[in-house]
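K.L.:
could you look at this predicted model? Sequence included:
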Amino acid sequence: MTAPSAAARRDDSAPAARAQHDQMANAIRALAMDAVEQAKSGHPGLPMGAADIATVLFTRVLKLDAADPAWPDRDRFVLSAGHGSMLLYSLLHLLGYEGMTLDQLKRFRQIGSLTPGHPEHGHTPGVETTTGPLGQGLGNAVGMALAERMLAAQFGEDLVDHRTYVLASDGDLMEGISQEAIALAGHLKLHKLIVLFDDNGISIDGPLSLADSVDQVKRFEAAGWAASRVDGHDPDAIHRALVAAQASDRPTLIACKTTIGFGAPKKAGTSKAHGEPLGAEELAGAKQALGLASTAFEVPQEAVAAWRAAGTRGRGARTEWQQRLALKPADIRGELNRRLAGKRPAGLDQAVAALKDKLAAAPATVATRKASETALEVLTEAVPELVLGSADLTPSNNTRTKNLNIITPGTYDGRYIHYGIREHGMASAMNGIALHGGFVPCGATFLVFTDYARPAMRLAALMGLPAIYVMTHDSIGLGEDGPTHQPVEHLAALRAIPNMRVFRPADAIETAECWQLALARTDGPTVLALTRQNLAPARKDAGPNRCAEGAYELAPADGAAEVSLFASGSEVEIALAAQALLKQKGVAARVVSVPSLELFLAQPDSKRRAVIGAAKANVAVEAAVRWGWDAVIGADGAFVGMSTFGASAPHKDLYKHFGITPEKVADAALAKLGRLKDAPRVTI
């Protein structure tokens, strides 16, 4: 096979000879079977069944250049069915992606290899997103397709013109997130999103009919998609469906009827082909049936050459794109390159400094969700790539500023996304937006509903994506909605996620500083936990960003401190009031604000010790569970907070009811000093 000319479009319909197609598809099958067999672990069934789909997509449709996996205007391919990772690894090897050697395939699922059990973005070149938790890839792809349309609206389709393709399994479409994702994509008319459904009718338990009878074509059509069915082993039928999808004014589902484990004499079409090696006898039989060499990892040189040619088919398009970019005015070219590189605007720090000066000059008692809105009025101007949204709680989350237009179906030049009541889908789409590049996604809901968004938030942390979550109504302080809406364990749960950074600011100045840190971060996600209730100003000065080290002494003791009081967010004002009460009793106390517990714990030991201090008694107060605070106050420190779920009442009544008051904090300190006859019960 000769590579198409540079002028050839990605919808080039010149069909490859069926014999050559079969040889190329069987090369995928051979490598996948052998890698799984050697690892004695993995999923051979999907690569064997979907090899024909992948061969058509990558050799006749997809716009790519294996020499530049990060070329911005490449088409994106998302293997949502991440368990079938050997399909993708085989493709990357055959196409000629640097580093994906045959040795890497032989080291499938081994420590340090580029071929982990499920694809990992940032670890393996050519992997667009980390997949494995089913449905996540589909949600990511919606975000990628949306980001493409948004970037094209801002920079023009001569610079931004690519599609997002997804290979999804039955499992992806059964997961609840899939409904959130496809509903959003259909509503927004993301016509450059194409999903190839590996419709093999098999799950781990056996036939899909054991648990599911949904007509996926009708389901997608009901969500505003174009949808069709094809024979997943007929390359020309697959190609015709893809060409039609490229011309659609809606996102498209192509349900490809396939046989899982295609070619295996006994296990094909059964759950036995899904998640375990074929075994020596079945492997030999499959290779014989497919006309493959019996030697492990042996692929005909003609097939390799044809695949390597496919890996260069987009080189001309990439060169032409680079030439078009070079001809753009320097300001446009520089801005696009800056945003795609993930670099923040030079004016961010100055904008925050000016805002802090203004807040210090006119301190106000406001909820931190309102303080966040005030900050965003400035930050959305300073950071044009900041894209905001909410899961149907915009008036409560305060995330839409006056200067932001709404993204609507077919109109993508706005910067505000109404995600609907789809927390899981929102967080997953945000990952896709971040992965695509050019934008910093920020999504919002109530902190308690991180329960719904957590799987995607965890993957953002795993991938190191700079997503920002505005999570308001952050404690029992939300009041009357009661325990169903009052987060108690959620701060601890989020802090437990590696690489997740949680901020809980105490007032407007801290909120501005936390926003600055969230936007400056490029190696992972950030949660801003914000209050519904108003908070008195805790900081009177602007100065440097004191939240940057996670904790700092807000109010020093009058003399040598006997007590250190640690607090975050809304409880900082309680700690300050407790400090005053202790002073009346002749006890010197200091107050330490802890806007980010995990950021503080990441500081060098000397800095941590200096902030924690050497007081006789340490007391922490937070309207949440104790988990995590022992690293600051010690196992013998006192904690004033929650050990149960909340209740329904006005927030001031709730704080009194649960004993989160200045008096209780002062009593806890006195008890630790042995100066209180009847020591209070403190949360453990």
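P.N.:
Happy to help now that I have it.

K.L.:
next, give phi and psi for the closest residue in space to Gly45 that isn't next to it in sequence.
P.N.:
Spatial nearest neighbour of Gly45, chain neighbours left out: Ala273 (3.6 Å); criterion: C-beta to C-beta, 6 or more residues apart in numbering. Glycine gets a C-beta too; all of them are placed from N, C-alpha and C. When read as degrees, to the nearest 10, the backbone of Ala273 gives phi -90, psi -10.

K.L.:
Asn200 too?
P.N.:
Main-chain dihedrals, Asn200, degrees, to the nearest 10: phi -100, psi -10.

K.L.:
list the contacts of the residue nearest to Gly45.
P.N.:
With contacts defined as C-beta atoms under 8 Å, 6 or more residues apart in numbering, the neighbours of Ala273 are 44-45, 48-49, 202, 260-261, 264, 267.

K.L.:
could you do Trp515 as well?
P.N.:
Trp515 neighbours (C-beta under 8 Å, 6+ apart): 352, 372, 375-376, 379, 528.

K.L.:
that one: which element?
P.N.:
helix 508-520 (DSSP states H and E).

K.L.:
what residues sit buried inside that helix?
P.N.:
Using 16 or more other C-beta atoms under 10 Å as the test for burial, helix 508-520 gives 508-519.

K.L.:
just stretch 406-422 next, same as before
P.N.:
By 16+ other C-beta under 10 Å, the buried positions in stretch 406-422 come out as 407, 412, 415-420, 422.

K.L.:
pretty sure Leu151 contacts Phe439?
P.N.:
Yes. Counting by C-beta atoms under 8 Å, Leu151 touches Phe439, with 7.4 Å between them.

K.L.:
higher neighbour count, those two?
P.N.:
Leu151 (26 against 23; other C-beta atoms under 10 Å).

K.L.:
does that one sit in a helix, a strand or a coil?
P.N.:
helix (DSSP: H, G, I helix; E, B strand; the rest coil).

K.L.:
give me every residue that touches it.
P.N.:
Neighbours of Leu151 in contact, by C-beta under 8 Å, 6+ apart: 160, 436, 438-439.

K.L.:
from the residues you listed, which is closest to Asp357?
P.N.:
Nearest to Asp357, judged by C-beta to C-beta, of the contacts of Leu151 is Phe439 at 28.8 Å.

K.L.:
want to try TSV for the buried residues of helix 508-520, with distance to Leu447 and pLDDT as columns?
P.N.:
What follows is the buried residues of helix 508-520, written out as TSV (distance: C-beta to C-beta, whole Å; pLDDT from 0 to 100):
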residue	distance to Leu447	pLDDT
Ala508	19	98
Ile509	21	98
Glu510	17	98
Thr511	15	98
Ala512	20	98
Glu513	20	98
Cys514	14	98
Trp515	17	98
Gln516	21	98
Leu517	18	98
Ala518	15	98
Leu519	20	98
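
K.L.:
out of those, who's nearest Phe658?
P.N.:
Ranked by distance to Phe658 (C-beta to C-beta), those are led by Glu510 at 23.7 Å.

K.L.:
correct me if wrong: the closest one contacts Asn545.
P.N.:
No. In this structure, Glu510 is not within contact of Asn545 by C-beta under 8 Å, at 9.5 Å.

K.L.:
can you get me a residue count around Glu489?
P.N.:
15.

K.L.:
give me the pLDDT value at it.
P.N.:
pLDDT recorded at Glu489 is 98.

K.L.:
from Ala649, how far out is it?
P.N.:
Per C-beta to C-beta, to the nearest Å, Glu489 is found 20 Å from Ala649.

K.L.:
hang on, the earlier thing: who wins on neighbours among the contacts of Leu151?
P.N.:
Among the contacts of Leu151, the one with the most neighbours (other C-beta under 10 Å) is His436, at 27 neighbours.

K.L.:
circling back: of all the contacts of Ala273, which comes closest to Val243?
P.N.:
Gly49 (22.5 Å).

K.L.:
mind giving me the packing neighbours of whatever helix or strand that closest one lives in?
P.N.:
Assessed by DSSP H and E, Gly49 sits inside helix 45-56. For helix 45-56, the elements it packs on are helix 18-39, helix 85-95, strand 164-168, strand 193-199, helix 235-246, judged by 3 or more C-beta pairs under 8 Å, 6 or more residues apart in numbering; DSSP states H and E.

K.L.:
let me have these in a markdown table, adding mean neighbour count, mean pLDDT and distance to Pro345 as columns.
P.N.:
Listed next are the helices and strands packed on helix 45-56 as a markdown table, based on neighbours: other C-beta atoms under 10 Å; pLDDT from 0 to 100; distance: least, C-beta to C-beta, whole Å:
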| stretch | mean neighbour count | mean pLDDT | distance to Pro345 |
| --- | --- | --- | --- |
| helix 18-39 | 23 | 97 | 44 |
| helix 85-95 | 27 | 98 | 35 |
| strand 164-168 | 27 | 99 | 27 |
| strand 193-199 | 28 | 99 | 30 |
| helix 235-246 | 20 | 98 | 35 |
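
K.L.:
of those, which approaches Ala147 most closely?
P.N.:
Among the helices and strands packed on helix 45-56, strand 164-168 sits nearest to Ala147 (C-beta to C-beta), with 9.2 Å.

K.L.:
quick check: next helix or strand after that closest one?
P.N.:
Next element after strand 164-168 (DSSP H and E): helix 170-174.

K.L.:
tell me which other helices or strands that following helix touches.
P.N.:
helix 136-155, strand 193-199, strand 202-203.

K.L.:
partners of the last one, with directions?
P.N.:
Put plainly, it is strand 202-203. Strand pairing for strand 202-203, using DSSP bridges, gives strand 206-207 (antiparallel).

K.L.:
chain center to the partner strand: distance?
P.N.:
Here strand 206-207 is found 32 Å from its chain centre; the criterion is C-alpha atoms, centre = their mean, to the nearest Å.

K.L.:
next structured bit after it?
P.N.:
Next along the chain after strand 206-207, taking DSSP H and E as the criterion, comes helix 216-222.

K.L.:
in its sheet, what does the helix or strand just after that following helix sit against?
P.N.:
Next in sequence after helix 216-222, counting helices and strands by DSSP H and E, comes strand 226-231. Take DSSP bridges as the rule and strand 226-231 pairs in its sheet with strand 252-257 (parallel).

K.L.:
what average pLDDT does the partner strand get?
P.N.:
Here the average pLDDT along strand 252-257 is 99.

K.L.:
pull the CA atoms of it into CSV?
P.N.:
Taking C-alpha atoms only, strand 252-257 is exported to CSV below (Å, rounded to 0.1, in the frame of the first residue of the first chain):
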residue,chain,number,x,y,z
THR,A,252,-22.9,9.9,15.3
LEU,A,253,-23.1,6.4,16.7
ILE,A,254,-22.0,3.5,14.5
ALA,A,255,-23.0,0.3,16.1
CYS,A,256,-20.6,-2.3,14.7
LYS,A,257,-21.8,-5.9,15.1
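
K.L.:
residues touching that strand, excluding its own?
P.N.:
Contacts of strand 252-257 (C-beta under 8 Å, 6+ apart): 50, 53, 191, 193-200, 216-217, 220, 225-232, 238, 241-242, 244-245.

K.L.:
what angle sits between it and strand 193-199?
P.N.:
If you take axes from the mean of the first three to the mean of the last three C-alpha atoms, to 10 degrees, strand 252-257 sits at 20 degrees to strand 193-199.

K.L.:
can you give me the angle strand 252-257 makes with strand 164-168?
P.N.:
Using the same axes, to 10 degrees, the direction of strand 252-257 lies 30 degrees away from that of strand 164-168.
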